[in-house]
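# sequence plus predicted model, see below.
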Amino acid sequence: MTSQLEGLKELTKVVADTGDLEAIKKFKPVDATTNPSLILKAFDLPAYKELISTTIKEAASEVTGEGQMEHIIDRLSVAMGVEIHKYLPGYMSTEVAVHVSYDKAKNIEKARKLVGLYEKSGVPRDQVLIKIASTWEGIQAAEELEKEGIQTNLTLLFSDAQARACFEAGVTMVSPYAGRIMDWYSKQTGKQYTAEEDPGVIFVRGVNDFAKKHGFKTVVMGASFRNKEEVLALAGLDRLTISADLLNELYESEGSVEQKVFSPKATEPQPPRLTEAEFRWQHASDAMANAQLAAGIHGFYRDTEKLAEMIKSRL
């Protein structure tokens, strides 16, 4: 009998939500993704020891003064991505600095820089996804980047308004966060949800249905899972990005995997585009989405600060 991981791969493209090279070699995902939290964890992985030391030294000599730390983090993000990409047939996702989440121009500037660093390292732009937070400014930046051939993955997505604006902007991929949605509702209600009742699972399925029914081409990738059951409840989605621990649990579990997500054919016309005012009101009216977007941005920023302290200790 095959593992549940192999069964899942027959229905969905599996993406590694980890920078652990040994895990990536073992589980053979299609794509991989990084963020400040994962880069921070890489400091404890032996496989990255020499790469981190060399990259910090080189990057520190390239830029001095106020922008030095940000440049070092950009270079580390790409260096780690280049190493991971050696074991992937598909995309490598890399996140822009989270502190520019509400600045359209800075998002564009950062994305161009990261893609340029990848191209300089031999990874073509069509194999790179630039991760941008799903703020209004981030979505507008992504629309411009897509037009110039830089593909984007809009992350920290929690509301219907975010999803719809991303689809209308023509982004390559969106990453709705199933687990963090469930976290919020569990805290509010004190309830433990089954996979079929899980508000995060239900939201991701709804995002996929809306995209497919209206003929949007954006790839929907479920993210931020808390248990194996959440993952399996989205079997059949375009992509799922899964942590190393859950990949291993699926790898070690035998049994068939039932398709739970079915993508309907495009049968409905696309609605008029959301205005900025409509987007902001609809997103702000969703208490969970409003809270979790802010919490996600702040969480990644805290990890970026920790990463900066780790780098300082090496300089």
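Nice, I can see it.
# hey, let's count contacts and neighbours off CA atoms from now on
OK.
# what about the strands in the stretch 201-315 of the chain?
In the stretch 201-315 of the chain, the strands defined using DSSP state E, counting those that start in this stretch lie at 219-222, 239-242.
# redo those strands as a markdown table? Include mean pLDDT.
Output for the strands of the stretch 201-315 of the chain, formatted as a markdown table (pLDDT from 0 to 100):
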| stretch | mean pLDDT |
| --- | --- |
| strand 219-222 | 98 |
| strand 239-242 | 98 |
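# and of those strands, who's closest to Met69?
Met69 lies closest to strand 239-242 among the strands of the stretch 201-315 of the chain, at 28.7 Å (CA to CA).
# check which helices and strands the closest one sits against.
Judged by 3 or more CA pairs under 8 Å, 6 or more residues apart in numbering; DSSP states H and E, strand 239-242 is in contact with strand 13-16, strand 219-222.
# and the first one, what's buried?
Neighbour counts using 16 or more other CA atoms under 10 Å place Lys13, Val14, Val15, Ala16 of strand 13-16 among the buried residues.
# all helices for the chain, in order.
Listed in chain order, the helices of the chain (DSSP state H) span 4-9, 21-27, 36-42, 49-62, 68-85, 104-120, 136-147, 160-169, 178-189, 199-213, 228-232, 244-252, 276-284, 287-314.
# with mean neighbour count, distance to Lys260 and mean pLDDT added, can I get these in a markdown table?
Formatted as a markdown table, the helices of the chain follow (neighbours: other CA atoms under 10 Å; distance: least, CA to CA, whole Å; pLDDT from 0 to 100):
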| stretch | mean neighbour count | distance to Lys260 | mean pLDDT |
| --- | --- | --- | --- |
| helix 4-9 | 21 | 11 | 98 |
| helix 21-27 | 16 | 22 | 96 |
| helix 36-42 | 19 | 29 | 87 |
| helix 49-62 | 15 | 41 | 95 |
| helix 68-85 | 20 | 30 | 96 |
| helix 104-120 | 19 | 35 | 98 |
| helix 136-147 | 21 | 29 | 98 |
| helix 160-169 | 23 | 20 | 98 |
| helix 178-189 | 18 | 15 | 97 |
| helix 199-213 | 21 | 9 | 98 |
| helix 228-232 | 21 | 8 | 98 |
| helix 244-252 | 18 | 16 | 98 |
| helix 276-284 | 15 | 27 | 98 |
| helix 287-314 | 16 | 24 | 95 |
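# out of those, the one nearest Pro264 is which?
The nearest among the helices of the chain, by CA to CA, is helix 199-213 at 5.8 Å.
# contacts for the closest one?
160, 163-164, 167, 176-182, 185, 195-196, 217-218, 220, 222, 230, 233-234, 237, 261, 263-268 (CA atoms under 8 Å, 6 or more residues apart in numbering).
# re earlier: using TSV, please lay out the helices and strands packed on strand 239-242 together with distance to Leu250.
Formatted as TSV, the helices and strands packed on strand 239-242 follow (distance: least, CA to CA, whole Å):
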stretch	distance to Leu250
strand 13-16	11
strand 219-222	16
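# circling back: can you list the strands of the stretch 201-315 of the chain in CSV and add mean neighbour count and distance to Ala105?
Compiled in CSV, the strands of the stretch 201-315 of the chain are given as follows (neighbours: other CA atoms under 10 Å; distance: least, CA to CA, whole Å):
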stretch, mean neighbour count, distance to Ala105
strand 219-222, 25, 25
strand 239-242, 25, 28
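# wait, which of those is closest to Glu254?
Going by CA to CA, the one of the strands of the stretch 201-315 of the chain nearest Glu254 is strand 239-242, 17.7 Å.
# list the strands paired with that closest one, with their directions.
Its sheet considered, strand 239-242 pairs with strand 13-16 (parallel), strand 219-222 (parallel) by DSSP bridges.
# nearest to Asp74, of the strands of the stretch 201-315 of the chain?
strand 239-242 (22.2 Å).
# now find how far off-centre the closest one is within its chain.
Put simply, strand 239-242 sits 9 Å off its chain's centre (CA atoms, centre = their mean, to the nearest Å).
# who's in contact with it?
For strand 239-242, using CA under 8 Å, 6+ apart, the contacting residues are 12-18, 32-33, 219-225, 231, 234.
# can you tell me, leaving aside adjacent residues, what's nearest to Lys13?
The shortest distance from Lys13 to any non-neighbouring residue, by CA to CA, 6 or more residues apart in numbering, is to Arg239 (4.7 Å).
# state the distance from Phe167 to Lys212.
From Phe167 across to Lys212, the span is 10 Å (CA to CA, to the nearest Å).
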